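**Student:** dropping the sequence and predicted coords here.
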Amino acid sequence: MGTLIKNRTSLSNVSDATIQRHYSTSAWIEGKAEEQLQHVSQLNRVQKVSAFPDLHPGKYGPVGCAILSDLLYPQLIGNDIGCGMSLFILDLPARKIKPEKIAKKFRVLEGKWLGNACALLEENSLPPQDFPSSLGTIGGGNHFCELQTVVQINNSELAKKADLSKGTSCLLVHSGSRGLGMQVFSSVLNELNAGLSPLTEQAEKYIASHNRAVQWASLNRYLIARRAAESLRTDFKLISDSPHNLIEEYQGHYLHRKGAAKADIPLIPLAGSRDSMSYLLSPGEKVHDALSSLAHGAGRKYDRSSMHGRIRNKKSDQIKLQRTSFGGHVVCEDKHLLIEEAPEAYKNANHVLRDLELFKLATSVATLQPLVTFKKVISRKEEYR
DNA sequence: ATGTCC
């Protein structure tokens, strides 16, 4: 095993930030992601960068890292402010689960929520005019609502505390702030590279609207779970809410988490692909050295566009992609999204977990197997094709 | 990623 932490000394008079790479030499990391990592470490007044084994290239910077800086860089977070993972326990015995029936019931998630979204926003101290019609909807891209079952307990004490045992049914919800985060981001699109100085009017305004988007995204995941649980006529209970796309004040600086899970909480989900196990993590003894953050999932191995050249697109292939190797169901009728989000597009979540454990950033509490992954019923793209 | 886009 190579050195765990690389400290670099800059030859120029501009001192670059320390980059901590929390992954072993065998981790799948693209060269472009490493270049982006270097680049963000050289941004003005960046103190420290922690990178995780799910690291992969992003639009403005790498995904799968945490960046500590004295300036605010909204572009590092991008438009899906507050995006994250929430895990819920369901009161649903494993023996009662019929994936094909549940897949049908989950289809209600595609439409608008029919409840009073404005009232729910107000109850949660959010402005009622903030995208009420999107509240409770999953969105596109890598977002999903997934029924999972606990197949293995890896820490019986912590699992018991969380009411988890073998056979417990769970919902893992991955979604964000939809149109709201996009609106907030587009309002600061000018002068992006410089970074925003704290205490300026622009920074204060961004922080306030960013914080609302973070709250909105969390409420969105909760409402998605509520809708899914109602469709199955079962109770649900939140056990972890970990955003991975946000800025927080941290030790007198600003901590940017881009595809890095907030880990200063007792339990953190690590999403696999829909055809591999997910894990529930407990923060490890060294997590504070990693900016109190963790990998948020397996991480992309191949970008979206290249997936179209890697997977055939015949009708029979599409049908195959709607089932997993262990009999799980995938609800995704958008054939492009089906390919872009194919399990092959992702790294091995097991290897990501292995590195997190190796670097003492986390330990596994439970292993969860996906049974039904809900993504999208039909896209407008498909309708007009 | 996106009340995208007709």
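**Tutor:** Yep, that arrived.

**Student:** list phi and psi for the residue nearest the centre of chain A.
**Tutor:** Chain A has residue A:84 as the residue nearest its centroid, 4.2 Å off, counting by Cα atoms, centre = their mean. In terms of degrees, to the nearest 10, the main-chain angles of residue A:84 are phi -170, psi -170.

**Student:** quick check: closest non-adjacent residue to it.
**Tutor:** Closest residue to residue A:84 apart from its sequence neighbours, by Cβ to Cβ, 6 or more residues apart in numbering: residue A:243 at 3.4 Å. Any C-beta I mention is one placed from the backbone N, CA and C, and that applies to glycine too.

**Student:** what's the answer for residue A:62, then?
**Tutor:** residue A:36 (4.2 Å).

**Student:** the one you found touches residue A:63, doesn't it?
**Tutor:** No - using Cβ atoms under 8 Å, residue A:36 is not in contact with residue A:63, being 9.0 Å away.

**Student:** overlap of the contact sets of these two?
**Tutor:** residue A:57 (Cβ atoms under 8 Å, 6 or more residues apart in numbering).

**Student:** the more surrounded of those two?
**Tutor:** Legend: neighbour count by other Cβ atoms under 10 Å for residue A:36 and residue A:63, higher for residue A:63 (25 against 22).

**Student:** return the distance of that one relative to residue A:258.
**Tutor:** Noted for residue A:63: a distance of 6 Å to residue A:258, by Cβ to Cβ, to the nearest Å.

**Student:** what's the answer for residue A:24, then?
**Tutor:** 21 Å.

**Student:** number of residues surrounding the closest residue to DNA strand B within the stretch 1-150 of chain A?
**Tutor:** Closest residue of the stretch 1-150 of chain A to DNA strand B, Cβ to the nearest atom of the strand: residue A:141 (2.3 Å). For residue A:141, the count of nearby residues is 17 (other Cβ under 10 Å).

**Student:** helix, strand, or coil at it?
**Tutor:** Counting by DSSP: H, G, I helix; E, B strand; the rest coil, the backbone at residue A:141 sits in coil.

**Student:** if I look at it, how far off is residue A:271?
**Tutor:** Taking Cβ to Cβ, one finds residue A:141 at 13 Å from residue A:271.

**Student:** and residue A:50, by the same measure?
**Tutor:** For residue A:50, the distance to residue A:271 equals 19 Å [Cβ to Cβ].

**Student:** show me which of these two is the more surrounded one.
**Tutor:** Taking other Cβ under 10 Å, residue A:50 and residue A:271 do not tie; residue A:271 has more neighbours (30 against 26).

**Student:** please name the nearest non-neighbouring residue to that one.
**Tutor:** Nearest one to residue A:271, counting by Cβ to Cβ, 6+ apart, is residue A:297 at 3.9 Å.

**Student:** phi and psi next, for that neighbour.
**Tutor:** Main-chain dihedrals, residue A:297, degrees, to the nearest 10: phi 180, psi -160.

**Student:** was I right about the residue nearest to residue A:84 contacting residue A:213?
**Tutor:** No - under the criterion of Cβ under 8 Å, residue A:243 makes no contact with residue A:213, lying 10.1 Å away.

**Student:** so what sits against both of the two?
**Tutor:** Joint contacts of residue A:243 and residue A:213 (Cβ under 8 Å, 6+ apart) are residue A:82.

**Student:** list the contacts for residue A:181?
**Tutor:** Residues counted as contacts of residue A:181 (Cβ under 8 Å, 6+ apart) are A:79-83, A:213, A:216-217.

**Student:** C-terminal to whichever strand or helix holds it, what's the next element?
**Tutor:** Using DSSP states H and E, residue A:181 falls within helix A:178-186. Following helix A:178-186 in sequence order, the next helix or strand is helix A:201-231 (DSSP H and E).

**Student:** pull out the buried residues from stretch A:64-84.
**Tutor:** Buried residues in stretch A:64-84, defined by neighbour count with 16 or more other Cβ atoms under 10 Å: A:64-69, A:71-84.

**Student:** wait, I meant stretch A:224-242
**Tutor:** Buried residues in stretch A:224-242, counted by 16+ other Cβ under 10 Å: A:224-229, A:231-232, A:234, A:236, A:239-242.

**Student:** report the backbone C-alpha coordinates of that stretch in CSV.
**Tutor:** The C-alpha trace of stretch A:224-242 is given here as CSV (Å, rounded to 0.1, in the frame of the first residue of the first chain):
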residue,chain,number,x,y,z
ILE,A,224,-40.9,11.2,-1.7
ALA,A,225,-40.5,8.6,1.1
ARG,A,226,-43.9,9.4,2.5
ARG,A,227,-45.6,9.0,-0.9
ALA,A,228,-43.8,5.7,-1.5
ALA,A,229,-44.7,4.4,1.9
GLU,A,230,-48.3,5.5,1.4
SER,A,231,-48.4,3.7,-1.9
LEU,A,232,-47.4,0.5,0.0
ARG,A,233,-49.8,1.3,2.9
THR,A,234,-46.9,1.1,5.4
ASP,A,235,-45.3,3.3,8.1
PHE,A,236,-41.9,4.9,7.5
LYS,A,237,-39.2,6.3,9.8
LEU,A,238,-36.2,8.4,8.9
ILE,A,239,-32.9,6.9,10.1
SER,A,240,-30.4,9.0,8.1
ASP,A,241,-30.5,12.2,6.0
SER,A,242,-27.1,12.9,4.5
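
**Student:** up against DNA strand B, what does the stretch 1-150 of chain A have?
**Tutor:** Residues of the stretch 1-150 of chain A lying close to DNA strand B (Cβ under 7 Å from any atom of the strand) are A:79-80, A:131, A:133-134, A:139-143.

**Student:** quick check: the two most widely separated of those residues?
**Tutor:** Greatest spacing in those, by Cβ to Cβ: A:133 and A:142 (22.2 Å).

**Student:** the two: which has the busier surroundings?
**Tutor:** residue A:142 (21 against 12).

**Student:** show the pLDDT at the closest residue to residue A:100 other than its chain neighbours.
**Tutor:** Residue nearest to residue A:100 in three dimensions, not counting chain neighbours: residue A:329, with 6.1 Å by Cβ to Cβ, 6+ apart. You'll see residue A:329 listed with a pLDDT of 95.
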